[in-house]
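Enquirer: generate a structure from the sequence data that follows.
(2 chains)
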2 protein chains.
Amino acid sequence: MAQRSGRRPGLSGTRDAILDAARERFSAVGFDKASIRSIATQAGVDSALVHHYFGTKQELFVAVVRLPVDPSVVVGPIAAAPLDELGETVVRTVVGIWDSPAGAGITAAFRGVMAGGDETLLRTFLLEIALKGVRERVDDPRGSAEKRVALAASQMLGVFAARKILRIEPLASMPIDEVVAAIGPTIHGYLTGTIT
Amino acid sequence: MAQRSGRRPGLSGTRDAILDAARERFSAVGFDKASIRSIATQAGVDSALVHHYFGTKQELFVAVVRLPVDPSVVVGPIAAAPLDELGETVVRTVVGIWDSPAGAGITAAFRGVMAGGDETLLRTFLLEIALKGVRERVDDPRGSAEKRVALAASQMLGVFAARKILRIEPLASMPIDEVVAAIGPTIHGYLTGTIT
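Expert: This next block holds a predicted model:
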């Protein structure tokens, strides 16, 4: 990602225009269909400038949603997990990030979305970035992946709300190993088991 | 609950003082420990006046959180369900209310809490009112009920967030029977199965 500090005065307007255009495009058509070119056009700048400021489209998206973590921190371990450890790995990786110093920023972002903000952006992040690699691996029988991922996402969203927002005990204070043991089989079942 | 309309001018200040005191007490010590007497004392009125305006403590709580549904609509069917249909009944009853005309008010209340409002009050409602009857039925082995209920609450919160806020498909548009078939076994397992 381009540097945020040390830039000359006057450039921040351009940067903000790109962010505004990107937010609008991602909300309107989703992550996959929003091209850097369409974002650049809407912002009145050249595509190269978008790349210069923000790097890849994924990095631009991360800047738009002000995501406090690099998605590859989630995506990497999950992609590397064998299928029979997928549920456990999803829970361990995701809860691990919530419990890390980045968690406060995630909580703030989640609260903002739930309050009535960018639902489309959070949904896009979950489905088209964070869980995209999962979806491609669990489409068995063919056509079931979307439902599998939606069910898994619902359970993870709920663990977040219960553990981090509502602080429902014992889930709020449970060591991560116990969360993995309790929730992992549910995620595993949604992703790889028989679903009706 | 006492009538809200037709009261003489000037009484609304008393009514609001009781609501403020109740909100403060419920937040500070929870539903069970907040007595009508302590609320009345804090509001500077007699306990009888609290009952006159708001009825029972549960009705007062409902007024405090401006709950758009009567909790007995949830609690009744769940209490009547045989244990082996408990998971399915929880999902069908709760999702049925979300999908009813009352759903819009629930969504608004949920958004408000998630934005940074009365987490304590929503937690209290979930655990001490809506799910209290469930907790008493699933404490097997003894001491496991709190965890069972927390896990079930996490899944239901997540279905709400996915179906009603983020509108993650196919969960958002799924007919209720399909939601029950997909989520019911998870809730059933959390409430009555082996948990680690």
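Enquirer: could you pull out the helices in chain A for me?
Expert: A:11-29, A:36-43, A:47-54, A:57-64, A:72-80, A:86-98, A:103-114, A:119-124, A:132-137, A:145-160, A:176-192 (DSSP state H).
Enquirer: could you chop chain A up by domain?
Expert: If you go by automatic domain parsing, the domain ranges for chain A are A:11-64, A:72-192.
Enquirer: is the shortest one positioned near chain B?
Expert: By that I understand domain A:11-64. No: using C-beta under 8 Å from any C-beta of the partner chain, domain A:11-64 never reaches chain B; the gap is at least 12.1 Å. Placement of C-beta: from N, CA and C, glycine included.
Enquirer: now render the domains of chain A as CSV, adding mean pLDDT, mean neighbour count and distance to B:P82.
Expert: Formatted as CSV, the domains of chain A follow (pLDDT from 0 to 100; neighbours: other C-beta atoms under 10 Å in any protein chain shown; distance: least, C-beta to C-beta, whole Å):
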stretch, mean pLDDT, mean neighbour count, distance to B:P82
domain A:11-64, 88, 17, 44
domain A:72-192, 90, 19, 23
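Enquirer: take these and lay them out in JSON lines including distance to B:D70.
Expert: Listed next are those as JSON lines, based on distance: least, C-beta to C-beta, whole Å:
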{"stretch": "domain A:11-64", "distance to B:D70": "37"}
{"stretch": "domain A:72-192", "distance to B:D70": "22"}
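Enquirer: of all the ones you listed, which one comes closest to B:A28?
Expert: Of all those, it is domain A:72-192 that lies closest to B:A28, at 15.2 Å by C-beta to C-beta.
Enquirer: end to end, how far does the closest one reach?
Expert: Start and end residues of domain A:72-192 are separated by 23 Å (C-alpha to C-alpha, to the nearest Å).
Enquirer: next: stretch A:134-143.
Expert: For stretch A:134-143, by C-alpha to C-alpha, the gap between its terminal residues amounts to 14 Å.
Enquirer: burial count for the residue nearest to A:E178 when sequence neighbours are not counted?
Expert: Nearest residue to A:E178 in three dimensions, chain neighbours excluded: B:T196, at 7.6 Å (C-beta to C-beta, 6 or more residues apart in numbering or on different chains). B:T196: 10 surrounding residues under other C-beta atoms under 10 Å in any protein chain shown.
Enquirer: quick one: B:T196 from B:G87, how far?
Expert: 18 Å (C-beta to C-beta, to the nearest Å).
Enquirer: tell me the residue of chain A that sits nearest chain B?
Expert: Nearest residue of chain A to chain B (C-beta to the nearest C-beta) works out as A:G158 at 2.3 Å.
Enquirer: wait, A:S38 sits on A:R25?
Expert: Yes: using C-beta atoms under 8 Å, A:S38 makes contact with A:R25 at a distance of 5.8 Å.
Enquirer: ok, now which ones touch A:A145?
Expert: Contact analysis of A:A145 by C-beta atoms under 8 Å, 6 or more residues apart in numbering or on different chains lists A:R135, A:E136, A:V138, A:D139.
Enquirer: tell me the contacts of the residue nearest to A:L151 when sequence neighbours are not counted?
Expert: Spatial nearest neighbour of A:L151, excluding adjacent residues (C-beta to C-beta, 6+ apart): A:Y190 at 4.0 Å. A:Y190 makes contact with A:G87, A:R148, A:L151, A:A152, A:Q155, according to C-beta under 8 Å, 6+ apart.
Enquirer: wait, doesn't the third one sit right on B:E169?
Expert: In this case it means A:L151. No: A:L151 is not in contact with B:E169 according to C-beta under 8 Å; the separation is 11.7 Å.
Enquirer: the helices of chain A into TSV, with extra columns for distance to B:T120?
Expert: Shown next, in TSV, are the helices of chain A (distance: least, C-beta to C-beta, whole Å):
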stretch	distance to B:T120
helix A:11-29	33
helix A:36-43	42
helix A:47-54	40
helix A:57-64	33
helix A:72-80	30
helix A:86-98	20
helix A:103-114	15
helix A:119-124	25
helix A:132-137	34
helix A:145-160	18
helix A:176-192	22
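Enquirer: who's in contact with the closest residue to the residue of chain A closest to chain B other than its chain neighbours?
Expert: Spatial nearest neighbour of A:G158, chain neighbours left out: B:G158 (2.3 Å); criterion: C-beta to C-beta, 6+ apart. Contacts for B:G158 (C-beta under 8 Å, 6+ apart) come out as A:A153, A:S154, A:Q155, A:M156, A:L157, A:G158, A:V159, A:F160, A:A161.
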